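**Q** Dropping a prediction and its sequence here:
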Amino acid sequence: MAQGHSVDEYLETIYFLAFPIGEYTPRGAGSPPLASRVAEMLHVSRASAGEMLKRLEAEGLIERGARKEALLTDTGRERAERVVRKHRIIERLLTDFMGYTGYEAHERADELGDTFDDEMVARIDEKLGHPERCPHGWPVDPQVEQAENLELAPLAALEPGTKATIVRLAEHDGVLLHWFYDQGLVPGTSIVVRATQPAADEVTIGLNGGERSISVKAAAGLFVKPA
Ligand SMILES: [Zn+2]
């Protein structure tokens with residue numbers, strides 16, 4: 001989007017940082033102030049992110065913590081949850097009704113975010129039969145998502161020998177999301193971790209009776225449920 005990201009897109013990003021899983025977890029020891037992490041996630045400058053965070057604060061959607069981190073207020077959290085839920089329902093409209101692939105659906109749903117109001121989203125949800133998950137495995141209900149986070153781990157964090165089922169795919173990197181589909185690394189797929197070689201940027205997995213290596217970055221974007 002040329003003129004920058006909307007309030008809703010910022011809230012969505014802050015939501016992922018507030019309920020982290022895998023790669024959305026703050027990086028390194030003494031995690032960086034949130035403005036920089038938000039800027040990194042949205043590919044904008046630190047200054048733009050800082051400016052937008054000020055606006056969100058003025059609108060009562062976030063408050064600043066002791067380290068200037070952005071914390072969702074009750075209002076902000078409620079709106080952020082509405083945004084992520086809507087995104088997931090629109091993705092299902094795109095795949096189930098319009099025939100888009102899973103990787104196309106994510107980007108298209110971002111573009112369509114502001115097109116549908118709450119009442120339209122409620123009608124779409126009804127017509128689709130109240131889908132439980134988006135095409136990439138994320139629960140439509142944010143409460144279900146937050147509870148499920150505790151049962152999941154990024155594939156990159158598993159010990160060799162661990163069997164697991166892919167439950168969710170990281171969505172914010174469109175190239176990686178496309179690649180997951182090309183490789184058959186989709187929700188519901190069973191895998192087993194054979195070996196991890198972080199120095200070689202490699203995780204070897206057993207998949208569909210064969211064996212293959214994927215990058216640590218890819219393994220960090222696959223959220224799995226260990227068997
Ligand atoms: Zn999705």
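**A** Done, it's in.
**Q** C-alpha only now, for contacts and for neighbours.
**A** Noted.
**Q** State the helix or strand in which the closest residue to residue 207 other than its chain neighbours lies.
**A** The shortest distance from residue 207 to any non-neighbouring residue, by CA to CA, 6 or more residues apart in numbering, is to residue 191 (5.2 Å). Using DSSP states H and E, residue 191 sits within strand 190-197.
**Q** Can you list the strands that that strand pairs with?
**A** As defined by DSSP bridges, the strand partners of strand 190-197 come to strand 163-169 (antiparallel), strand 202-207 (antiparallel).
**Q** would you turn those strands into CSV with mean pLDDT, mean neighbour count and distance to the ion?
**A** Formatted as CSV, the strands paired with strand 190-197 follow (pLDDT from 0 to 100; neighbours: other CA atoms under 10 Å; distance: least, CA to the ion, whole Å):
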stretch, mean pLDDT, mean neighbour count, distance to the ion
strand 163-169, 97, 22, 8
strand 202-207, 95, 19, 23
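**Q** low pLDDT regions in this structure?
**A** In the predicted model of the chain, residues 1-3, 20-33 satisfy pLDDT under 70.
**Q** and it, which residues reach the ion?
**A** Neighbours of the ion within the chain, by CA under 5 Å from the ion: 134, 136.
**Q** Now do the helices in the chain.
**A** Along the chain, counting by DSSP state H, helices occupy 7-18, 34-42, 46-58, 74-92, 102-112, 118-127, 142-149, 174-182, 216-220.
**Q** Show me what the last one packs onto, helices and strands only.
**A** Going back to what we said before, that points to helix 216-220. Packing partners of helix 216-220 (3 or more CA pairs under 8 Å, 6 or more residues apart in numbering; DSSP states H and E): strand 202-207.
**Q** List the contacts of the strand it packs on.
**A** For strand 202-207, the surrounding residues in contact (CA atoms under 8 Å, 6 or more residues apart in numbering) are 156, 190-197, 211-216, 219.
**Q** Would you mind giving the domain segments of this structure?
**A** 7-72, 76-149, 153-226 (automatic domain parsing).
**Q** Report the distance from the last one to the chain centre.
**A** Right, domain 153-226. Distance, stretch centre to chain centre, for domain 153-226: 15 Å (CA atoms, centre = their mean, to the nearest Å).
**Q** And the first one, by the same measure?
**A** Relative to its chain's centre, domain 7-72 lies at 15 Å (CA atoms, centre = their mean).
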